[in-house]
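A.B. asks: Build me a model from this:
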Amino acid sequence: MTLAFLVFLVAGQGQTEETLSALVSEALERNPDVLEARARIEARRARIPRAGALPDPMLSYGVMNEGRPIPFETLGSAGDSEVYVGVSQELPFPGKRRLRERVAREEATAAEWAYEAVRRRVAANVAEACFDLYRIDAAVGIVERSRPLLEQMSRVARTRLSVGQATQQDVLDTEVELTRLEERSILLAQQRLAVEARLRRLLDRRGADSFNAPSRPSLVPLGQALDALLARAEAESPLVKEKAQLVAAAERTLELARREKRPDFGVSLTYHNRGGLDPFYDFGGTLTIPLYAGRKQNRAVAEAAAERDAAKSAADAARAEVRHAVTESQLMALAAERLLRLYDDALLKQTRLSYDSALAQYQVGKADFLTLATSWRRLLDNELAYHEQLAEHEKAVARLAVHVGIER
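C.D. replies: Numbers count the residues shown, from 1 in each chain. Predicted coordinates:
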């Protein structure tokens, strides 16, 4: 993974940098998916020299006896008795070894891009989990800050009930809302445990240790048009590049399959030792005859052509997947930015003023409890929604960075 990608993940996050960058680094060192992809690169690289190597030479040896079954008994006295040793070497038709090595090299390059894609995906998953922790902890804080407001509403309702200006229903409604706050707290605690379990899986940790949530991220607008992001994703996405390399490997495999119709050669040298008689030397060669090309080589060409077409379709599918992912993430980020501006500029201030006004009017009997409760719920929901949208914005940008090397 490039340093720029890690910088993007933590840029402008304050304490987030200390938390998130350390977790991302740990995940890139320990995550099983990353380790598997790294090992596959080594396996593919090890295949390159082997793919272009010559077949192993063949060593032959034996004994020939004339007139007697016991070896060496007539060696040196009979002309057809001998001890021989020979070596032969198969020589593929020119170009086959080069093509085999190119196929292996293309597959190794594809494995490198697959490794980069896994690293980016794991880093983005860690970032998303951290921002989920931020959202949950922010919600816990909001719920706890809302409790005193609700308790104040309960005291006002009880005071008004004691002087006959409110009904028992007002008091019961405040108790219901307090219970629902407790319900929210329990659900948030359960969500945090689930996110921590997700983080432990990404980091391959075996313990039950907890994680600190990042501090509130600074909202940095995306500032890039969709067309520009799509163009960059087409050129930069590791997934697209991996599939393109697999198409190239399939093209070379098809070229190799066609060349397999050409005959391979073989050369041999044999030394015949006849004891005290003059030795013999054999020089010879072999030539394969593609006699069954209709059932073998031609079928191999058809198979390679189908695999090439499948690789092209997979590349098209990958480009479509990347375009969808980039489009969806960009739209989510922009929507979150607009909502956050709306919350900052108007909605949070309006709902707070609405609640304060409703509480003041309820205290003097100019508003009913339903109006007060509605104002309190709107204030709670809008504050929760603000931090949820802030987390969703950062998660969307993290998903974008899987395909586009965004620097912020």
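A.B. asks: drop to CA atoms for contacts and neighbour counts, all remaining ones
C.D. replies: OK.
A.B. asks: Would you confirm that residue 122 contacts residue 28?
C.D. replies: Yes. Contact criterion Cα atoms under 8 Å: residue 122 and residue 28 qualify, at 7.4 Å.
A.B. asks: shared neighbours, those two?
C.D. replies: With contacts defined as Cα atoms under 8 Å, 6 or more residues apart in numbering, the residues shared by residue 122 and residue 28 are residue 34.
A.B. asks: same question for stretch 51-67, mean pLDDT?
C.D. replies: Taken as a whole, stretch 51-67 has a mean pLDDT of 91.
A.B. asks: Then stretch 24-41?
C.D. replies: Per-residue pLDDT values across stretch 24-41 average out to 95.
A.B. asks: quick one: that stretch to chain centroid distance?
C.D. replies: Centre-to-centre, stretch 24-41 and its host chain are 10 Å apart (Cα atoms, centre = their mean, to the nearest Å).
A.B. asks: Now do the SS call for residue 83.
C.D. replies: Following DSSP: H, G, I helix; E, B strand; the rest coil, we place residue 83 in the strand state.
A.B. asks: same deal with the one 5 residues further on?
C.D. replies: The three-state assignment at residue 88 reads strand, by three-state DSSP.
A.B. asks: which residues sit in contact with it?
C.D. replies: Each residue near residue 88 by Cα under 8 Å, 6+ apart is listed here: 57-59, 266-269.
A.B. asks: Turn the residues you listed into a markdown table, including neighbour count, distance to residue 42 and secondary structure.
C.D. replies: Below are the contacts of residue 88 laid out as a markdown table (neighbours: other Cα atoms under 10 Å; distance: Cα to Cα, whole Å; DSSP: H, G, I helix; E, B strand; the rest coil):
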| residue | neighbour count | distance to residue 42 | secondary structure |
| --- | --- | --- | --- |
| 57 | 14 | 27 | coil |
| 58 | 11 | 30 | strand |
| 59 | 13 | 32 | strand |
| 266 | 15 | 33 | strand |
| 267 | 15 | 34 | strand |
| 268 | 18 | 36 | strand |
| 269 | 16 | 38 | strand |
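A.B. asks: Let me know the closest of those to residue 205.
C.D. replies: When the contacts of residue 88 are ranked by distance to residue 205 (Cα to Cα), residue 57 comes first, at 49.9 Å.
A.B. asks: Confirm for me that the closest one is in contact with residue 266.
C.D. replies: No. Residue 57 lies out of contact with residue 266 (Cα under 8 Å); the separation is 9.9 Å.
A.B. asks: where does the chain have low pLDDT?
C.D. replies: Applying pLDDT under 70 to the chain picks out residues 1-18, 166, 406-408.
A.B. asks: What about the nearest residue to residue 352 once chain neighbours are set aside, how many residues nearby?
C.D. replies: Sequence neighbours aside, residue 379 is the residue nearest to residue 352 in space, at 6.1 Å (criterion: Cα to Cα, 6 or more residues apart in numbering). Using other Cα atoms under 10 Å, residue 379 has 22 neighbouring residues.
A.B. asks: Residue 379 is in what secondary structure piece?
C.D. replies: Following DSSP states H and E, one finds residue 379 within helix 369-400.
A.B. asks: just residue 183 next, same as before
C.D. replies: According to DSSP H and E, residue 183 maps onto helix 168-203.
A.B. asks: ok, now residue 21?
C.D. replies: Using DSSP H and E, residue 21 falls in helix 15-30.
A.B. asks: swap in residue 219?
C.D. replies: Using DSSP H and E, residue 219 sits within no helix or strand.
A.B. asks: need the contact list for it.
C.D. replies: Residues counted as contacts of residue 219 (Cα under 8 Å, 6+ apart) are residue 390.
A.B. asks: which phi and psi does it have?
C.D. replies: Dihedral angles of residue 219 (phi, psi; degrees, to the nearest 10) stand at phi -70, psi 120.
A.B. asks: ditto for the one 5 residues further on
C.D. replies: For residue 224, the backbone dihedrals (degrees, to the nearest 10) come out as phi -130, psi 130.
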